[in-house]
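Asks: Need coordinates for the below:
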Amino acid sequence: MALHLRRSGWRSIQKSLFQGPIQLAPRVQSQYRNITMATLKNNEWTHSPATHDFRSDTITTPTPRQLASLTTASLGDDVYAESGTTNTLQNQLCELFAKPSALFVLSGTMGNQLALRSLLGAPPYSVLCDSRSHIFTSEAGATSLISGAHVVPVTPRNGLWLTLEDVVGHATVSDDVHYAPTRVVAVENTIGGVVHPLAELQRIRAWTQQRGIKVHLDGARLWNACATQPERLAEYAATADTVSVCMSKSLGAPVGSFLLGDEETVGRKARHLRKLLGGGTRQAGVMTAMAAVAVEEVYKAGKLGAVNEVAARLGQAWERLGGRVSLPVETNMVWMDLEARGVGAGVWERVCLEKCVRVSGGRVVVHWQNTEEAVGSLTEAMQEVCSLADKGLARDADERGGVYMSKL
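Replies: The predicted model follows:
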């Protein structure tokens with residue numbers, strides 16, 4: 001078994017695990033040095049470093065077919081809208097999502113922020129969103145900085161996704177000068193791997209349209225939500241004025257997202273703002289060529305349906321061992337409630353490392369480049385850590401004075 005680690009990633013692990021106050025046992029250190037030295041001899045263009053990595057689907061890597069597409073990519077200038085490869089993919093996505101305009105952007109964060117700024121108009125204004133949403137928790141406060149918007153985070157009462165009642169209960173539709181009126185409702189699908197039901201988004205859309213409020217859909221993982229129903233992409237897109245979709249998560253392209261909407265919002269405003277933010281790229285075809293292949297060989301080939309099934313299997317394996325999940329396993333994420341099972345996050349990560357798989361806390365993210373061998377190793381790690389928990393030995397070292405590490 002081999003865990004393919006990037007050189008920079010290995011240096012980080014080595015520093016934290018081999019030189020920190022809590023160290024891996026000598027035999028585990030030796031094992032990982034041997035694995036890493038063997039790994040560094042492999043060509044990552046043909047041996048993906050993501051096969052045994054469950055930290056995120058962002059670590060997927062371009063395939064040989066994607067890399068080969070570089071040799072035929074257009075070298076036209078995308079700032080002048082002359083990148084043939086980019087234009088072709090944008091047109092294909094417009095058809096897939098039934099939106100008039102599409103725009104290539106360098107990241108999901110850029111796509112979300114361009115959408116919000118383009119939709120908001122003139123202040124004062126506020127953006128209502130799920131309290132767990134990417135635009136609120138993981139975009140470095142960009143909504144406040146770039147748009148100057150007041151952000152209203154809402155915790156869903158059902159613990160899963162925003163309902164119309166959540167939106168109505170927190171939206172500001174008053175003209176009172178003391179308040180920042182809600183101008184955009186931002187939703188995310190999937191959120192935490194949970195699918196936001198189409199019917200609920202349609203209810204929210206109907207209510208916002210009646211009040212002149214815009215809707216942005218962060219669809220970074222919408223591909224997973226529609227893994228076996230491609231027609232749903234357009235149905236979900238119809239519930240929002242703008243939609244952003246990621247190429248570098250579920251699909252495995254190395255970079256980029258696309259923003260979709262009407263010609264005025266996306267084709268004119270967002271394109272102008274993209275340049276303002278330094279997001280205008282020249283030979284964009286070298287990036288969008290790989291994204292185009294990713295759509296074909298991953299999404300249209302049906303690989304994400306299998307990914308969701310693997311996640312379901314892992315969730316069931318965890319539950320059979322007495323564990324529980326914090327959220328339903330509906331797509332490619334398994335949220336293991338480690339604390340409820342008596343397992344410390346640090347111990348869990350170290351047991352996984354010993355099994356040659358990588359995780360980040362209790363969130364397990366499955367992607368299409370994970371191998372069956374890796375899935376088996378992760379399941380073995382679950383079994384081992386639960387066995388330790390049953391003996392009271394799976395708490396993190398800082399809780400128990402380093403007992404676990406001394407027994408490795």
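Asks: For Val173, the count of nearby residues, please.
Replies: 12 (other Cβ atoms under 10 Å). For every residue, glycine as well, the C-beta is placed using N, CA and C.
Asks: Please tell me how far it sits from Thr371.
Replies: Using Cβ to Cβ, to the nearest Å, one obtains 51 Å as the distance from Val173 to Thr371.
Asks: do the same with Arg268
Replies: 45 Å.
Asks: With Ser360 instead?
Replies: Computed with Cβ to Cβ, the distance linking Ser360 and Thr371 is 19 Å.
Asks: what does Ala81 give?
Replies: From Ala81 to Thr371 the distance is 41 Å (Cβ to Cβ).
Asks: how many neighbours does the closest residue to Thr182 other than its chain neighbours have?
Replies: Among residues not flanking Thr182 along the chain, Ala171 sits closest, at 4.3 Å (Cβ to Cβ, 6 or more residues apart in numbering). Neighbour count for Ala171, taken as other Cβ under 10 Å: 20.
Asks: quick one, what contacts Ala171?
Replies: Leu128, Val152, Thr182, Val185, Ile213 (Cβ atoms under 8 Å, 6 or more residues apart in numbering).
Asks: next structured bit after the strand or helix carrying Cys352?
Replies: Under the criterion of DSSP states H and E, Cys352 resides in helix 345-354. Note on helix 345-354: by DSSP H and E, the next helix or strand toward the C-terminus is strand 363-365.
Asks: what is the mean pLDDT for the following helix or strand past that following strand?
Replies: The helix or strand immediately downstream of strand 363-365 is helix 372-390, counting by DSSP H and E. Averaged over helix 372-390, pLDDT sits at 97.
Asks: Glu380 and Cys356 touch, don't they?
Replies: No - contact status for Glu380 versus Cys356: not in contact, 10.0 Å apart, counting by Cβ atoms under 8 Å.
Asks: So between the two, which is more surrounded?
Replies: Cys356 (20 against 16).
Asks: How much space separates that one from Leu378?
Replies: Cys356 is 10 Å from Leu378, by Cβ to Cβ.
Asks: Also Met287?
Replies: Distance of Met287 to Leu378, given as Cβ to Cβ: 31 Å.
Asks: Dihedrals phi and psi, Gly361?
Replies: For Gly361, the backbone dihedrals (degrees, to the nearest 10) come out as phi 60, psi -150.
Asks: who touches the residue lying closest to it once chain neighbours are set aside in this structure?
Replies: The shortest distance from Gly361 to any non-neighbouring residue, by Cβ to Cβ, 6+ apart, is to Ala345 (4.7 Å). For Ala345, the contact set (Cβ under 8 Å, 6+ apart) comprises Leu338, Gly361, Gly362, Asp396.
Asks: in this protein, which spans are strands?
Replies: All strands of the chain, identified by DSSP state E, fall at 101-105, 126-130, 150-154, 182-188, 214-218, 242-246, 257-261, 333-335, 363-365.
Asks: elements contacting the fourth one?
Replies: Put plainly, it is strand 182-188. When contacts are defined as 3 or more Cβ pairs under 8 Å, 6 or more residues apart in numbering; DSSP states H and E, strand 182-188 packs onto helix 108-120, strand 126-130, helix 134-137, helix 198-210, strand 214-218.
Asks: count of neighbours near Val343?
Replies: Val343 - counted by other Cβ under 10 Å - has 24 other residues nearby.
Asks: wait, what's in contact with the residue nearest to it when sequence neighbours are not counted?
Replies: Leaving aside its chain neighbours, Val343 sits nearest to Ala394 (4.5 Å; criterion: Cβ to Cβ, 6+ apart). Listed by Cβ under 8 Å, 6+ apart, the contact set of Ala394 reads Arg341, Gly342, Val343, Gly344, Val347, Trp348, Val385, Cys386, Leu388, Tyr404.
Asks: and which of the residues you listed is nearest Ser101?
Replies: Trp348 (44.8 Å; Cβ to Cβ).
Asks: Just to check, that closest one is in contact with Leu338?
Replies: Yes - in this structure Trp348 lies within contact range of Leu338 using Cβ under 8 Å: 5.7 Å.
Asks: Quick check: neighbours shared by those two?
Replies: Shared contacts of Trp348 and Leu338, counting by Cβ under 8 Å, 6+ apart, come down to Gly361, Gly362.
Asks: Touching, Lys101 and Asp262? I think so.
Replies: One correction, residue 101 is Ser, not Lys. Yes - the criterion here is Cβ under 8 Å, and Ser101 meets it with Asp262 at 6.2 Å.
Asks: Which one of those two is surrounded by more residues?
Replies: Ser101 (21 against 14).
Asks: Spit out the contact partners of the closest residue to Val168 other than its chain neighbours.
Replies: Nearest non-adjacent residue to Val168, counting by Cβ to Cβ, 6+ apart: Trp207, 6.8 Å away. Residues in contact with Trp207 (Cβ under 8 Å, 6+ apart) are Leu164, Val167, Val168.
Asks: do that again at 10 Å, thanks
Replies: Leu164, Val167, Val168, Ala171, Val185, Ile213, Val215 (Cβ atoms under 10 Å, 6 or more residues apart in numbering).
Asks: Can you report how many residues neighbour Leu198?
Replies: Leu198: 17 neighbours (other Cβ under 10 Å).
Asks: Isn't it up against Ala234?
Replies: No - counting by Cβ atoms under 10 Å, Leu198 stays clear of Ala234, with 11.0 Å between them.
Asks: and for the two, which residues touch both?
Replies: In contact with both Leu198 and Ala234: Cys226, using Cβ under 10 Å, 6+ apart.
Asks: ok, back up a step: common neighbours of Ser101 and Asp262, please.
Replies: With Cβ under 10 Å, 6+ apart, Ser101 and Asp262 have common neighbours Thr242, Arg268.
Asks: what about the helices in the stretch 151-300 of the chain?
Replies: 164-170, 198-210, 222-225, 231-237, 271-276, 285-294 (DSSP state H, counting those that start in this stretch).
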